[in-house]
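Chemist: Here is a sequence together with a model predicted from it:
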Amino acid sequence: MKRMLAAIAALGLAACASAPEPARTYADLWYAPPTPGLVKSLNLYETETGWRGSVWVANGYGFPVRDIAQSPDQVSFTVPGLVARFSGAKDGQGWSGQWAPVGATTPLVLQPTDPPANAKNFIRLADGRRMYMDCQGTGLPAVIFDSGAGGGVQSWAKVQPDIAKTNMACTYDRAGFGVSEPGPFPRDAAAVANDMDALLTAARIPAPYVVVGHSLGGIHVRQYANTHLDKVAGIVLVDPSGDNQRALFRAAIPKAVNDPLWNFDEENWRRCVAVLRGPLLPRSDPALKDCTGNDLEIVDANLSSLYAMEHSSIDQLAASRRSYGALPLIVLTAGKAGNRLPPEYDDADNAAFAKVWADLHRDQASLSTIGERRVVPGAGHGIQADAPQAVIDAIREVLAAAAR
């Protein structure tokens, strides 16, 4: 009997020892000023590695919060995108302090508030990171937009609402951009495609999708199609970057060989990161020349993706390249592609650029047996801003073809 009781006790102890610990819950706090102003709301949330957050302003834009220092009685943070700081002390349940953009200091009170409507746009991935995705509309298939270098959800403001009238239309900030948390480096095509799949899975948006990529985003959505073709119903590429484009431009335009425009400066990337670890600077500061911004994490992610474009990304695209069969595919080329170079380049240089650009786009259109390349007259590189209807029409054509 004693041995039986001891055995039962031992089993109980073993069960207790192997019971999983309860999952840790993380704080997710929202604040807002009692009266409307530049700052509309503040989100501070806890992660395994510390506090993160974002400030949302009156026009609906969000800016990441950095350098967060929080104690029971005080809080401070910087907002590089607004070149501003906040420092406050506990005031009841909220914070009362000073909002200090460059050249001015104003009082600001932040009180606890319910999460705003856009709080649902923060999607937590399986690895714990949060990414920001704005989905409008409900119809399927969903249309997923990926922006060019340095772009984010605002890039598609003239296109997304129209598509959302009939289909779910989702824009998102890539990892490290906008208010999305950074992801593992390098920020190459494979990393972005993996994040895209993890994001769509976490958001429970059913496949297949029509994927739309602008410029560098064209490389990303092609890598996604190469590796997840079963989840793709159609593709629209908006003046997309092409495989090995810098090398092709340097070969076609002799003076480009020694021009920094065509030669990524890895040393400058490291210099920018080092400078941005120092005091907060406005984007216009001469020390930030060629840094693409004044936010350390965004600059690091952006320059990593630009470096990867001509290194690991093109290797990944080449390794995963495949025929898309009869997948609906439209490639849009900017009509002003022959007039994009700096003033020191002549007409012959611009013509050479336009030819390389057109050849790259023809190659991408050839990935589908029904792929089509079309020129958008009068549009610059940002076709979605210069001629949004051309992008809307292309997406609708691809949606119609996918339905057939």
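Modeler: Arrived safely, thanks for sending. Numbering: from 1, shown residues only.
Chemist: where does this structure have low pLDDT?
Modeler: With pLDDT under 70 as the threshold, the chain has low-confidence stretches at 1-23.
Chemist: In it, spot the helix with the most residues.
Modeler: Using DSSP state H to define each element, the chain has its longest helix at helix 347-365.
Chemist: the inter-axis angle of the helix or strand following that helix versus helix 347-365?
Modeler: Tracing the chain C-terminally past helix 347-365 and defining elements by DSSP states H and E, one meets strand 372-376 next. Interaxial angle, strand 372-376 versus helix 347-365 (axes from the mean of the first three to the mean of the last three CA atoms, to 10 degrees): 140 degrees.
Chemist: Which strands border strand 372-376, and is each parallel or antiparallel?
Modeler: Strand 372-376 has its sheet partners listed here by DSSP bridges as strand 329-334 (parallel).
Chemist: how about the helices in the stretch 251-400 of the chain?
Modeler: Using DSSP state H, counting those that start in this stretch, the helices found in the stretch 251-400 of the chain span residues 266-276, 296-309, 312-320, 347-365, 383-386, 388-403.
Chemist: Would you reformat those helices as TSV and include distance to Pro260 and mean neighbour count?
Modeler: (C-beta placed from N, C-alpha, C; glycine too.) Shown next, in TSV, are the helices of the stretch 251-400 of the chain (distance: least, CB to CB, whole Å; neighbours: other CB atoms under 10 Å):
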stretch	distance to Pro260	mean neighbour count
helix 266-276	8	15
helix 296-309	12	23
helix 312-320	20	18
helix 347-365	16	17
helix 383-386	26	21
helix 388-403	31	18
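Chemist: Okay, the residue most central in space within the chain and Asp134: tell me how far apart.
Modeler: Centroid-nearest residue in the chain: Arg174, 2.2 Å away (criterion: CA atoms, centre = their mean). Using CB to CB, to the nearest Å, one gets 13 Å for the distance from Arg174 to Asp134.
Chemist: which one is Ala100 nearest to, not counting chain neighbours?
Modeler: Setting aside the residues directly before and after it, Ala100 is nearest to Arg85 in space (CB to CB, 6 or more residues apart in numbering), at 4.7 Å.
Chemist: Can I get the one helix or strand that neighbour maps to as CSV, trimmed to CA atoms?
Modeler: Secondary structure from DSSP H and E places Arg85 in strand 84-91. Only the C-alpha atoms of strand 84-91 are listed here, as CSV (Å, rounded to 0.1, in the frame of the first residue of the first chain):
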residue,chain,number,x,y,z
ALA,A,84,10.3,65.2,-31.8
ARG,A,85,10.6,64.0,-28.2
PHE,A,86,8.2,63.5,-25.4
SER,A,87,9.0,63.5,-21.7
GLY,A,88,6.2,63.2,-19.1
ALA,A,89,5.4,62.2,-15.6
LYS,A,90,2.4,60.2,-14.2
ASP,A,91,-0.7,62.3,-14.1
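Chemist: Quick one: list the elements packing against it.
Modeler: Here strand 84-91 touches strand 74-79, strand 94-101, strand 106-112, going by 3 or more CB pairs under 8 Å, 6 or more residues apart in numbering; DSSP states H and E.
Chemist: Out of the ones you listed, which is closest to Lys40?
Modeler: Evaluated over the helices and strands packed on strand 84-91, closeness to Lys40 peaks at strand 106-112, with 10.9 Å, by CB to CB.
Chemist: returning to what we had before: point out the one among the helices and strands packed on strand 84-91 that comes closest to Gly178.
Modeler: Smallest distance to Gly178 across those (CB to CB): 12.9 Å, for strand 74-79.
Chemist: helices or strands next to that closest one in the packing?
Modeler: With contacts taken as 3+ CB pairs under 8 Å, 6+ apart, strand 74-79 sits against strand 62-70, strand 84-91, strand 94-101.
Chemist: Just put those strands in a markdown table and tack on distance to Pro254.
Modeler: Listed next are the helices and strands packed on strand 74-79 as a markdown table, based on distance: least, CB to CB, whole Å:
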| stretch | distance to Pro254 |
| --- | --- |
| strand 62-70 | 42 |
| strand 84-91 | 46 |
| strand 94-101 | 46 |
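Chemist: returning to what we had before: between the helices of the stretch 251-400 of the chain, which gets nearest to Val236?
Modeler: Nearest of the helices of the stretch 251-400 of the chain to Val236, taken as CB to CB: helix 388-403 at 4.9 Å.
Chemist: What lies in contact with stretch 381-390?
Modeler: With contact meaning CB atoms under 8 Å, 6 or more residues apart in numbering, stretch 381-390 is reached by 148, 155-156, 158-159, 162, 214-215, 238-239, 332, 334, 336-337, 340, 376, 378-380, 391.
Chemist: so how far does it reach from one end to the other?
Modeler: End-to-end distance for stretch 381-390: 13 Å, by CA to CA, to the nearest Å.
Chemist: coming back round to it: which residue packs closest to the residue nearest to the centre of the chain, ignoring adjacent ones?
Modeler: Val192 (6.0 Å).
Chemist: And Arg277, by the same measure?
Modeler: Leaving out its chain neighbours, Arg277 is closest to Leu296 (CB to CB, 6+ apart), at 6.5 Å.
Chemist: how near is that neighbour to Ala351?
Modeler: From Leu296 over to Ala351 (counting by CB to CB), the distance is 40 Å.
Chemist: Could you do Leu341 as well?
Modeler: Applying CB to CB to Leu341 and Ala351 gives a distance of 10 Å.
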